[in-house]
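**Q** got a predicted structure here, sequence first:
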Amino acid sequence: MEDNTLNEATVETAIELGLRPEEFDKIKEILGRTPNFTEVSIYSVMWSEHCSYKNSITWLKKLPKEGPHMLAEAGEENAGLVDIGDGLACAFKIESHNHPSALEPFQGAATGVGGINRDIFTMGARPIAQLNSLRFGSIDSDRTKWLLKGVVKGIGSYGNAFGIPVVGGEVFFDECYNTNPLVNAMSAGIMKADKMISATSYGLGNPVYIVGSATGKDGIHGAAFASKDITEESANDLPAVQVGDPFQEKLLLEASLELAETDAIIGMQDMGAAGITCSTSEMSGKEGFGMRIDLDKVPTRQEGMKPFEILLSESQERMLVVVKKGREAEVEAIFDKWDLNCEQIGEVTEGGQLEYYMGGQLVAHVPAESLVLGGGAPVYEREYKEPAYFAENQKFKIESIEEPKDLKEVAYFLINHPNIASKKWVIEQYDTMVGTINMSANKPTDAGIVNIKGLNKALAFTVDCNARYVNANPEEGCAIAVAEAARNIVCSGGEPSAITNCLNFGNPYNPEVYWQFVGAIKGMKKSCEKFQTPVTGGNVSFYNQSMQNGVDVPVFPTPTIGMMGIVTDKKFITSLAFQNEGDLIYMIGGAQNDISSSEYLYAYHKVKQSPSPYFNLDEEHALQNQVKTLIQAGMLNSAHDVSDGGLFITLLEAGMPNGFGFSVETDSDYRKDAYLFGESQSRVVVSINPDNQDEFVEHMVASGLEYTFLGTVEGKEMLIDGESFGTVADAKHQFETALENRLNS
Amino acid sequence: MKFGVITFPGSNCDADMIYVLESLFNQKVERLWHKDTDLKGVDFVILPGGFSYGDYLRSGAIANYSPIMTEVVKHAEKGGYVMGICNGFQILCESKLLPGTLLHNNNQKFICKNIHLKADNNASIVNAHIDTKQALKIPIAHGEGRYFASEETIAELNANNQIIFRYCDENGDITEESNPNGSLENIAGVCNAGKNVFGMMPHPERAADAELGNVDGALIFESILGLIKA
């Protein structure tokens, strides 16, 4: 079949490539003839979920995308662009590389880092910060250990060489990810706001260049592969996994940024999913121009590549550049300086047609617009249905759980739990300090703070999603994910600006999975509107599911939220760590008799079904405003939000960095286990100078928010209601070594 | 003193070094390119950290063949100052301007974290003004930083005060636990016999800006610039 790529394709071939029969009919209608194999291949990748968002776009459109600071809105460019003042803009985006990482964790994760960075620097922005959000199956399984080690090594080896600091991330284990790990990589960059390079193409006769690495047979049909379930046959898809070269990427970065300083180009786009096909069609589709591309001119790694292989190759570290006619020499000189390939492969034509030639023969001829989102790509409305488990979750009552006698034992269970324990083993394999801009490396903060040298301004970044909450209640859980991200930024001294999202779900054709998707979008929408954080873009990854005992089991719905914020004055930057012996500890936000969906309930009591934790969006918003006010008034010596593991873990995390103990009292109106380990939302632990107590209380009374005096920063021990929970030093040792010990056991 | 910072393809700490020298210490810095064939009259050449040429072969192995390295070697032979940080140190060992070699960390992983080191002596300009009892907190970030040399070489380095820094704990004690990568004798940095070529794995330029909350590394620059009055 593949030897006759110019012959008419059959519907069977189309189905084999992942298209649906009605989609094959639609292609015939668009072209007015039967497509050949090469053309069907083009449509199969461009109309895959990965490129077309065909099953998600209807709902994604409901998300807020306008904001006062938006320069480029979702879908307009390779990444969203936010005005951060002083003539600067921040481009940032998160993307998944789940399916490749499941098969080849090292390369899968490495190329995920490469791809997301190209999205950023293609726009002319210099990457300044990296984050990642990782999810794996049960930590005791050998496969999980292999995946975790490979993914971390892959992210490290690519990112460390590329040379951008990792400033935040999360690692979470649950058996629902046993077959399908999630690898979400985020990058952010800054640029002069007026120097943005667009992903566009126009102007008859303007030359089209391919720059960067040569094209090989790797990653063919990768986008289509990412839109399938992982099965036993997935090993056959190994050629769909790409191989990364961070050295080429670093050269491409420097060359691209030199290019951005000239005005010699019309547009540029990186080649990620679906390679030359995707970049030529997306750049052309917008302006109604076309391209004539000569595939013989594409530098290739091996002889005898077929047209569809060149068109669909996902070889990494490549870009498509449309140059202004007459400025070719300038552009070629820049790539020559960096010893990179820079080959003219075609030119811009009028009429919106993409014509690909090889050996003098027209091998594929398709209208650009018919391939892309917002153009001819199909859009589907999927059915959705509330799954039975949801009603079941609501029946949970805290009374059904007997309060353990020994809460100290619970505390150490949580300290040693891989979801709570320090991720030091992971983080130390990433370069967190290159660039000399990570302000959190020596001063831990809830969100990663990135310095803008020379200005009294910094940026804050965080990735958050507690998928257990989203599974329990997609709408509330996703609203919480956005709220937690905003809370992290506010606690660090920043103001939330905008989000990017990475939506990891199961099969959209399963109405119960789609119900989770719809719920998550609704929750994200209401939370983003509340915090005025528009969605700048992101990525959808469906089909994260696998057959278990004959049933298709999806991962927890995992809408990872990547948020950026602005710190308008560096003196607002607030550490999560206690600073002085004798400081007073308060909790802002009310306690609840709530242990729902907590790690405590889920892992210690092994109760898997409960609602999402207590959350009220208005209270959350008021809490964040209050924390912001207190920080800006210079009242807080530390601020740390209460999240996974509850109040106890929050106190411990605040004590560890500077080796401070604490003495606190609980409240007999609440169950002590709920008070210490419950994960009800909208709470922040702060410490203040005792001299400021009156002023602090005045602020709190004026706000009308609930707040509680917990105790003081003192000594080296953790004292709760006078009972010692051990020393901070000992707890820290366990907290920092638990993950490594589990991985080596 | 006029500094020159070399950018090899794959260098990623060049801009950090230039920022520290220019913006924090008001020094004149020439940006040198690996294809350059002269050093533009600089007094002190710095080879920054990074992954020159991707370091796919052996760290620093290919950079050693860059056109500019011919000039660096000549400069060093004339007694000019040359300093390599991290990947720069690896390149200087490959070029034999410094003795010894840097092997994979003993845990076989890349490690990025704050460590402590202390000046072993005050015999060269990079440590001349640093109290040998003081533990400095400075980050490392490398996969191949385990210093290794023959027994005779190590003995010579000790005898000639060519070990400039050793890893230690926060109290300044040289212990096995405080050795992050398995380097022989906790060696974090060495110099040549002429005491004009230096190499160290830790990154002092990452601990020089007060905005990042740690300025222990600034002491090394101050020592070089003779800013500390002995």
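**A** The structure has been received and is ready for your questions.
**Q** count the residues that sit near B:His75.
**A** B:His75 has 21 neighbouring residues, counting by other Cβ atoms under 10 Å in any protein chain shown. Every residue, glycine included, has its C-beta placed from N, CA and C.
**Q** what residues are up against it?
**A** B:39, B:45, B:82 (Cβ atoms under 8 Å, 6 or more residues apart in numbering or on different chains).
**Q** nearest to B:Ile220, of those residues?
**A** Checking these against B:Ile220 by Cβ to Cβ gives B:Val82 as the nearest, at 15.1 Å.
**Q** helix or strand right after the one helix or strand the closest one maps to?
**A** Assigned by DSSP states H and E, B:Val82 belongs to strand B:81-85. Sequence order places helix B:87-94 as the next helix or strand after strand B:81-85, per DSSP H and E.
**Q** relative to strand B:81-85, how tilted is that following helix?
**A** 120 degrees (axes from the mean of the first three to the mean of the last three Cα atoms, to 10 degrees).
**Q** longest helix in chain B, by residue count?
**A** Under DSSP state H, the helix in chain B containing the largest number of residues is helix B:67-77.
**Q** any buried residues in that one, and which?
**A** Using 16 or more other Cβ atoms under 10 Å in any protein chain shown as the test for burial, helix B:67-77 gives B:68-69, B:71-73, B:75-76.
**Q** let me have those in CSV, adding distance to A:Ser575 and pLDDT as columns.
**A** CSV is the format used below for those (distance: Cβ to Cβ, whole Å; pLDDT from 0 to 100):
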residue, distance to A:Ser575, pLDDT
B:Ile68, 43, 95
B:Met69, 44, 95
B:Glu71, 46, 96
B:Val72, 42, 97
B:Val73, 47, 96
B:His75, 44, 97
B:Ala76, 44, 97
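**Q** which one of these is nearest chain A?
**A** B:Ile68 (14.8 Å; Cβ to the nearest Cβ).
**Q** the closest one contacts B:Asp36, doesn't it?
**A** Yes. With contact defined as Cβ atoms under 8 Å, B:Ile68 reaches B:Asp36; the gap is 5.1 Å.
**Q** chain B against chain A: which residues are in contact?
**A** B:9-10, B:12-13, B:15-16, B:19-20, B:23, B:49-51, B:53-56, B:109-114, B:139, B:141, B:143, B:203, B:205-206, B:208-209, B:211-214 (Cβ under 8 Å from any Cβ of the partner chain).
**Q** filter those residues to the buried ones?
**A** Buried among these (16+ other Cβ under 10 Å): B:9-10, B:12-13, B:15-16, B:19-20, B:49-51, B:53-55, B:109-112, B:114, B:139, B:141, B:143, B:203, B:205-206, B:208-209, B:212, B:214.
**Q** for the strand holding B:Val82, give me every contacting residue.
**A** B:13, B:17, B:43-49, B:72, B:75-76, B:90-92, B:97-98, B:125-126, B:196-205.
**Q** what's the neighbour count on the nearest residue to B:Asn106 once chain neighbours are set aside?
**A** Nearest non-adjacent residue to B:Asn106, counting by Cβ to Cβ, 6 or more residues apart in numbering or on different chains: B:Gly182, 3.1 Å away. By other Cβ under 10 Å, the residues close to B:Gly182 number 16.
**Q** repeat that for the one 5 residues further on.
**A** Residues lying near B:Ile187 (other Cβ under 10 Å) number 26.
**Q** with A:Val366 instead?
**A** 25.
**Q** who does residue 83 bridge with?
**A** This is for chain A. A:Ala89 (DSSP bridges).
**Q** actually it's chain B I care about, not the one you picked
**A** Applying DSSP bridges, one finds that B:Met83 bridges with B:Ile46, B:Phe198.
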